[in-house]
Structures are given as C-alpha cells and as structure tokens.
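J.: What would the 3D arrangement of this be:
(one chain, ligands or ions: 1)
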Amino acid sequence: ADTLGAAAAARGRYFGAAVAANRLGESQYVTVLNREFTSVTPENEMKWDATEPSRGSFSFGNADRIVNHARGRGMSIRGHALVWHSQLPGWVSGLSATDLRSAMNNHITTLMRRWQGQIHSWDVVNEAFEDGSSGARRNSVFQQRLGNGYIEEAFRTARAADPSAKLCYNDYNIEDANAAKTRAVYNMVRDFKQRGVPIDCVGLQSHFNAQSPVPANFQQTIAQFAALGVDVQITELDIEGSGQTQATNYRNAVNACLAVSRCTGITVWGIPDHYSWRASGTPLLFDGSYNKKPAYYAVLEALNGS
Ligand code: G3I
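T.: Next up is the predicted model:
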C-alpha cells in the first residue's frame, strides 16, 4: 500500500494523527490528513477547558468540526481526554469533594453522550501517575479531593455513558516495562481487570526524545499490558531527531506494535513538524513543506512488512 492508513489497514490497524480544528481550512494540511490517515484525535478540542469552560455550560464547536470532518471521510475518532489535571478550567479546582465528584461524572457523561457511538476509543483518565521512581499517583485535584477511587469511578461512569466506546487509560513514560511508573500503571490495570472495573485499553503516548528514547523493551511492554486482557494503542507518537536515526526509531516503534496482535492502532501527535507541540524540533513524519521525511518512509515500509 502507498499510504500509512492503507498500509496499516492491511495489518488490521488504524493509523491516526492528532488534528487541530483551526488547521482544517489549510489545503495542504487537509490533503495530507485525508490521504494518509484513518483515525483522528482532537489535539485540544475535547479537553475540559475547551468543552466546559464554566460549570454546566458546554461548547462543542471546535470538537464537532473535527468529528464532522472525520466522519465525512470514514475516519474513526479517538476521544481525548475526559479526566486530566491539565487544561482544566479554574472553576474545577475550587469545588468541594461532593461537587467535584458530580462535576467529573457529569463532564464524562455529557461528552460521551454527545458523540455516542462515534468515538472508537476514549482516554477516560489521562496522566494520573507521577514521574520518577515513586510509582505514586499524581497529586491532582481529583486525587486530593476524591482519593484513589476517582479513576475507577471515572471508568464506571464512562461505561454507562457510551457502552460502545473502548475505555482507555493514557499516559507517557510508561513505554519501558521496568520503569516504576509503568509498573504502577500495570498494577492498576491488573487490579481493574481482576475486580471487573471496566477498562479496555492502555494508551502509551510514546513521546520520545534523547532523554527518553524508544526503549529496547518497548515490544515487551506492549505485550505485557496486552496479556492483562486489554488492547494497547500508541496514542501520541512523536520522536525527536532527524534523518536516518529518527527513521530507525520510528521503524522500531511501529514494529513493536505490529508484533503484538492486541496493539490495535498508532496515532502520531501532529502532521507537519511546524505544528508539533514541541516548539522547536522536528519530531513528526512530514516537514514544514509537507514533504515525506525519511521517518515517513520507514513507517510505511514497516507497515508494509518490507
Ligand atoms: O487556546 C489558546 C488560544 O486561545 C491562545 O490564543 C493560544 C496562545 O498561545 O493558546 C491557546 O492554547 C494553547 C493550546 O495548546 C491550543 O493551541 C495552550 O496555550 C497550549 O498550552 C496548548 O498546548 C497543548 C498541550 O497539550 C497542553 O497541555 C498542545 O497543543 C497539545 O499538543 C498537548 O498535547 C498533550 C496531550 O494532550 C497529552 N499528552 C501530552 C501532549 C503533549 O504535551
């Protein structure tokens, strides 16, 4: 196949990109999006600050723009992200425990019902664990006010809101099975599966750079999560670097997913380098003129099995 999406489809997987609503009027951007990708993730438009800027008052315009674009072209959609400490409007952190619990559940339910049946996977809880060696829960407002049970509660609420969506826990720096953070997430998912808490997938964000390169055990990490009985998705892939070094790293990351049958799809966190969240850098598959980079060809070859 000669596009990322078609090549991934031949392997039974989607290949997605994070998309920004305010780029959908740019013809080169849309041309590459429509040609190469079979799934989209709104980069910011479904986050809490964008969708519920004041309590109980929802705004879906920019998210709808992306959803409508995707649905009109048969692309599937990843929902990102329902419960996250970042990009959280100020009113949320001022709530009492009782009010925060009801605001969290109302936020999950309202967003999931809005696009019920249209989102293949939702990041229900995002980045709930600390970096470093502690393996601890991040000290977010949710953790502070609601305690350990908030993650489980969010997943139960999500299942009730849209039973057709896969429910994911999504995080970064959980790509190395030996890292404390990875172990902590693994233990949580194992506990959820044992106790029947509804969880269907783990999202490995996979933001790689010189400090956190693609780990040599990436495939084993994916396989270990999958063995718990959940799907794995590479949800926000980008890799700092350039040329053949970057291309090799991308190839290794894609091959790690392809080697595990329950690794069901890959999303890159943007299309051309100049729209990456990494202000300086060239972590994506297309350059500033939308030329295909060596990394693009490495990914395509990996997907084609060549
Ligand atoms: O919406 C305002 C806009 O009104 C204003 O004019 C503009 C001026 O700077 O800022 C806009 O908000 C920015 C927003 O992106 C939309 O462009 C924020 O300042 C900026 O902080 C925000 O960055 C996003 C970041 O998440 C925030 O945490 C990035 O685009 C987005 O790529 C990034 O994505 C995260 C994932 O959600 C979770 N995992 C890590 C990943 C990378 O950080």
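
J.: for Gly79, which residues make a bridge with it?
T.: Under DSSP bridges, the beta-bridge partners of Gly79 are Trp122.

J.: ok now do it, which residues does it touch?
T.: Shown in contact with Gly79 (C-beta atoms under 8 Å, 6 or more residues apart in numbering): Thr41, Pro42, Met46, Leu111, Met112, Trp115, Ile119, Ser121, Trp122, Asp123, Ala165. (C-beta placed from N, C-alpha, C; glycine too.)

J.: at 6 Å instead, please
T.: Applying C-beta atoms under 6 Å, 6 or more residues apart in numbering to Gly79 gives the contacts Met46, Ile119, Trp122.

J.: Then Gly117?
T.: By C-beta under 6 Å, 6+ apart, the residues touching Gly117 are Ser164.

J.: Residue in the stretch 151-300 of the chain with the shortest distance to the ligand?
T.: Trp277 (3.3 Å; C-beta to the nearest ligand atom).

J.: That residue: helix or strand, and which one exactly?
T.: Following DSSP states H and E, there is no helix or strand that holds Trp277.

J.: Repeat that for Ser134.
T.: Per DSSP H and E, Ser134 falls between elements, in no helix or strand.

J.: Burial check on it, number of neighbours?
T.: For Ser134, the number of neighbouring residues by other C-beta atoms under 10 Å comes to 11.

J.: show me what contacts the residue most central in space within the chain?
T.: Centroid-nearest residue in the chain: Thr235, 3.5 Å away (criterion: C-alpha atoms, centre = their mean). With contact set as C-beta under 6 Å, 6+ apart, Thr235 has these partners: Asn170, Gly203, Gln205, Thr267.

J.: In strands, which of those residues fall?
T.: Among the contacts of Thr235, the ones falling in strands (DSSP state E) are Asn170, Gly203, Thr267.

J.: ok, the second one to Thr282 distance?
T.: Right, Gly203. Note on Gly203: its distance to Thr282, by C-beta to C-beta, to the nearest Å, is 24 Å.

J.: again with the first one
T.: In this structure, Asn170 and Thr282 are separated by 24 Å, where distance is defined by C-beta to C-beta.
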